[in-house]
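A.B. asks: Quick one: sequence plus predicted model below, questions after.
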Amino acid sequence: MKKVIDGALYNTASAKMIGNWDNGLYPNDFAYCEETLYRTKSGKYFLHGEGGGNSKYGEWHGNSGGPGEQIRPYTPQEAREWAEEHLDADEYSAEFGEPEEAGDDRVPLNLTVPASTKARLEVMRSETGKSISQIVADLLAEI
C-alpha cells in the first residue's frame, strides 16, 4: 500500500519492515486485525494496519461493513511504544538498540546518522560488547 501524507510518501513495498503483530483471529473473522511497523529510507516510521469490518480498520458504508486498511505516520516515540507492546526484546533491540536496565536514569534519543557512521558504531559494538547507546555516551563524555 502507498499513501502520501503531509507531502511524504509511505510505501509498504519499499520501506523496511520492523515488526508485525496480529490479534490471533483468523483473517476471515470480522474482528481480525493485523499491524506492521515500518521505517522509510529517510527514517520516518509508520504503521500499516488492516482488518475485518469489526476491527478498528474496518470500513463501513451504511449498514454494510467490510475489510479495510490504513497507513498512519508514527513519531519515533510512538514507534518505540508500539514496538515495546507488540515485539519481542530481540526485535525491539534490532531496531532501537539494546534498552537500558530498569531503573537507569537514561532517556531515549532517536538520531539519524550517515550509513557509514552507523556501520562504524556497529563494528565498535561487536568489538567492545557495549551497546551503541553506551558507546555514544562514552564518546561524548570524552569531549
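C.D. replies: Good, I have the coordinates.

A.B. asks: For residue 25, give its distance to residue 86.
C.D. replies: Computed as CB to CB, to the nearest Å, the residue 25 to residue 86 distance reads 15 Å. Just so you know, the C-beta spots here come from the backbone N, C-alpha and C atoms, and that holds for glycine as well.

A.B. asks: the more surrounded of those two?
C.D. replies: residue 86 (18 against 15; other CB atoms under 10 Å).

A.B. asks: I'd assumed residue 21 was in contact with the more buried one.
C.D. replies: Yes: counting by CB atoms under 8 Å, residue 86 touches residue 21, with 3.9 Å between them.

A.B. asks: Overlap of the contact sets of those two?
C.D. replies: Taking CB atoms under 8 Å, 6 or more residues apart in numbering as the criterion, residue 86 and residue 21 both touch residue 35.

A.B. asks: quick one, helices of the protein?
C.D. replies: With DSSP state H as the criterion, the chain has helices at 76-86, 89-96, 115-128, 132-141.

A.B. asks: Among the ones you listed, show me which one is buried the most.
C.D. replies: For those, the largest average neighbour count (mean count of other CB atoms under 10 Å) is found in helix 76-86, namely a mean of 16.
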